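A.B. asks: Fold the stuff below for me.
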Amino acid sequence: MMAGRNHKCPNNLTTIFIVIAAYNEETAIAQTVFHAKAVLRNLIVLDDDSVDAIAQTTATAGAYVVPTAAQGWH
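C.D. replies: Coordinates of the predicted model:
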């Protein structure tokens with residue numbers, strides 16, 4: 001069930017994250033993280049087995065990095 005205007009969220013729903021899937025986006029990810037964090041502080045970037053330095057750039061920008069070995073959304 002989606003939370004509507006008159007619906008209260010359950011008490012166990014306390015943390016919300018933005019999740020971004022990325023593949024070789026080192027040049028754009030820092031700006032993307034910056035803008036996303038303006039909306040919501042909790043941010044995860046799924047590193048889709050990139051060959052660039054996206055993991056380091058993402059961590060420096062302040063997001064959590066979750067590496068994935070299975071490429072599939074690019």
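
A.B. asks: quick one: the strands in the chain?
C.D. replies: If DSSP state E is used as the criterion, the strands of the chain fall at 18-22, 43-48, 64-68.

A.B. asks: Would you mark the buried spots in the top helix by length along the chain?
C.D. replies: Looking only at the chain and at elements set by DSSP state H, the helix with the highest residue count is helix 26-39. Taking 16 or more other Cβ atoms under 10 Å as the basis for neighbour counts, the residues of helix 26-39 that come out buried are Glu26, Ile29, Ala30, Thr32, Val33, Ala36. Just so you know, the C-beta spots here come from the backbone N, C-alpha and C atoms, and that holds for glycine as well.

A.B. asks: cool, stretch 51-68 as well?
C.D. replies: With the criterion 16+ other Cβ under 10 Å, stretch 51-68 contains buried residues Ile54, Ala55, Thr57, Thr58, Ala61, Ala63, Val65.

A.B. asks: Off-centre distance for it?
C.D. replies: How far stretch 51-68 lies from its chain's middle: 10 Å, per Cα atoms, centre = their mean, to the nearest Å.

A.B. asks: Kindly report the same for stretch 38-45.
C.D. replies: 6 Å.
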